[in-house]
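Visitor: Test case, fold it:
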Amino acid sequence: MRQEIKERIDKIKKGQVPNGYEKKMNHIYPKEWKIKIVGDFIKSLNSGISINTDGEKANEDEKAILKLSAIGSNIFRPEENKKVNLKDVSKIKESVKADNILIIRKNTPELVGNMCFVNRDYHNLFLPDLIWQSEFKKNALINRKFLNEILNTDHMKYIIKKLATGTSQSMKNITKENFLDIGIVIPNELEEQNYLVDILSTWDTAIEKQEKIIELKKEQKKWLMQQLLTGKKRLKGFSGEERKTKLKEHIIQISVKNKNNSVTRILSVTNNRGFINQSEQFDRQVASKDTSSYKIIRKNQFGYNPSRVNVGSIDLLRDFEEGILSPIYVIFEPNKNKIFLDYLFQFIKSPNFYGQMRNLLQGSVRDNLSFDSLSEIKLFIPPIQEQKAIAEILSTADKEIDLLEKELEAIKEQKKGLMQLLLTGIVRV
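Guide: Take a look at the predicted model:
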């Protein structure tokens, strides 16, 4: 059987059509599979409304609007939500229903077209106006989860994102007509669709379990940070006063201009990937050729965007020896005689730091954190040796989380490879 599949794959890679297969919509599928459109199965796409929220996450018994981050690529995160203001509760309408597909209809090129399947009803969760929920036709001869899997293959995701249009490079939109007109090729027999879903669900279960383990590890690390970085819990062999001081006693602002354009690597700080080349963030270099006004940042220095630090755009430069940042960025480094570099890094990534930072944000149009405001944040400063020991414990937790996340990506890649074989009919069940 394996040899037969290998030969089939080899033929397809060479552009040949194996026995029992034929070309449909520029791809090779089993002959008996049928060409359909999404609109053959989905009657309509319903969205919610735009209303004000309290910004905070809702409790289970409170009504909430989904955030766009609730919908990943074939992943549903119901905990990503915002509590609805009491005065607006009467306005909300479309709750999240079981056995339907949620689709981001309008957003950035990265997010638009993301979709996921919902397994159960969420009576207190409602849709914003940028998310669609599918409404299937009665007696539609399709496994709904199977349709979701088809639409989440790399090939279909590429097609769906190409449908998104708009004059703005940062905001794209998919129309209902275009989405419902998407062509797909599927097994004619519902039984085969069900088998395929059962197989892929095994990987979904493994992914869900791994995500829960990662979430638990992150919560454990958060608890350690709250205990160790505040002095609530002291390490064995260390004692003394739980002294808290302001950051200004331990950090030094750096402002070295890129005179003569001597440094060419232009960097940005993101909230989830840290320092990256600017071209990775914008798919192109947005800086002008003259970067003499840009600031030079060197390895083991910190940098942040004052207007985006509230969403986590602050980090320590580790992967490059040096680079340059837009003039609006703030750069600083630790006073090495007073604070250990990795201890400061762990504090800046802690809930304690973000809690204090939010109270210091200023600005009439956009929240902003100046270096002077940053310097007012207070932190627990134990002896250097204890700082090093605390940083080592928290760094070990980071490594464990990183390993688990790599394992998760490996499981997702396995599922992706399986989807490629099963959802094109290269492997039959």
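Visitor: Val429 is in contact with Tyr195, correct?
Guide: Yes - counting by CB atoms under 8 Å, Val429 is a contact partner of Tyr195 at 4.5 Å. Where you see a C-beta, it was placed from the backbone N, CA and C, and this is true even at glycine.
Visitor: who has more neighbours, those two?
Guide: Neighbour count, other CB atoms under 10 Å: between Tyr195 and Val429, Tyr195 has more, with 17 against 12.
Visitor: Name the next helix or strand downstream of the host helix or strand of the more buried one, please.
Guide: Following DSSP states H and E, one finds Tyr195 within helix 190-228. Next along the chain after helix 190-228, taking DSSP H and E as the criterion, comes strand 244-246.
Visitor: pLDDT of that next one, averaged?
Guide: For strand 244-246, mean pLDDT rounds to 93.
Visitor: and what of stretch 312-328?
Guide: Computed over stretch 312-328, the average pLDDT equals 92.
Visitor: chain center to that stretch, what's the gap?
Guide: Offset of stretch 312-328 from its chain centre (CA atoms, centre = their mean, to the nearest Å): 21 Å.
Visitor: Now do the buried residues in stretch 3-10.
Guide: Across stretch 3-10, burial judged by 16 or more other CB atoms under 10 Å covers Arg8.
Visitor: wait, I meant stretch 13-27
Guide: 18, 21, 24.
Visitor: Over to stretch 60-67?
Guide: 63-67.
Visitor: if we can go back for a sec, the helix holding Tyr195 packs against which elements?
Guide: Applying 3 or more CB pairs under 8 Å, 6 or more residues apart in numbering; DSSP states H and E, we find helix 190-228 packed against helix 144-151, helix 351-358, helix 384-422.
Visitor: what about Thr153, how many neighbours?
Guide: Applying other CB under 10 Å, I find that Thr153 has 18 neighbouring residues.
Visitor: Spit out the contact partners of the nearest residue to Lys415 once chain neighbours are set aside.
Guide: Counting by CB to CB, 6 or more residues apart in numbering, Lys415 lies nearest to Trp203, which is 3.9 Å off, once chain neighbours are set aside. By CB atoms under 8 Å, 6 or more residues apart in numbering, Trp203 lies in contact with 411, 414-415, 418.
Visitor: Also Ala397?
Guide: Contact partners of Ala397, counting by CB under 8 Å, 6+ apart, are 217, 220-221, 224.
Visitor: still on that earlier bit, please report the distance of the residue nearest to Lys415 from Ile426.
Guide: Note on Trp203: its distance to Ile426, by CB to CB, to the nearest Å, is 17 Å.
Visitor: Next: Ile182.
Guide: Using CB to CB, we find Ile182 at a distance of 22 Å from Ile426.
Visitor: Check Ser170 too.
Guide: Taken as CB to CB, the span from Ser170 to Ile426 is 38 Å.
Visitor: Looking at those two, which one has more neighbours?
Guide: Ile426 (17 against 10).
Visitor: need the next SSE after the lowest-mean-pLDDT helix or strand in the chain, C-terminal direction.
Guide: Within the chain, confidence by mean pLDDT, DSSP states H and E is lowest for helix 278-282 among all helices and strands, at a mean of 66. Next along the chain after helix 278-282, taking DSSP H and E as the criterion, comes strand 295-298.
Visitor: buried stuff in that following strand?
Guide: Quick answer for strand 295-298 (16+ other CB under 10 Å): 295-297.
Visitor: before we move on, what about stretch 257-265?
Guide: In stretch 257-265, counting by 16+ other CB under 10 Å, buried: 258, 263.
Visitor: i'd like the first residue to be 68 from this point on
Guide: I'll keep to 68 as the first residue from here, and by that count the last item is stretch 324-332.
Visitor: What count of nearby residues applies to Ile171?
Guide: 22.
Visitor: residues near the closest residue to it other than its chain neighbours, how many?
Guide: The shortest distance from Ile171 to any non-neighbouring residue, by CB to CB, 6+ apart, is to Asn181 (4.8 Å). Other residues near Asn181 number 23, with proximity taken as other CB under 10 Å.
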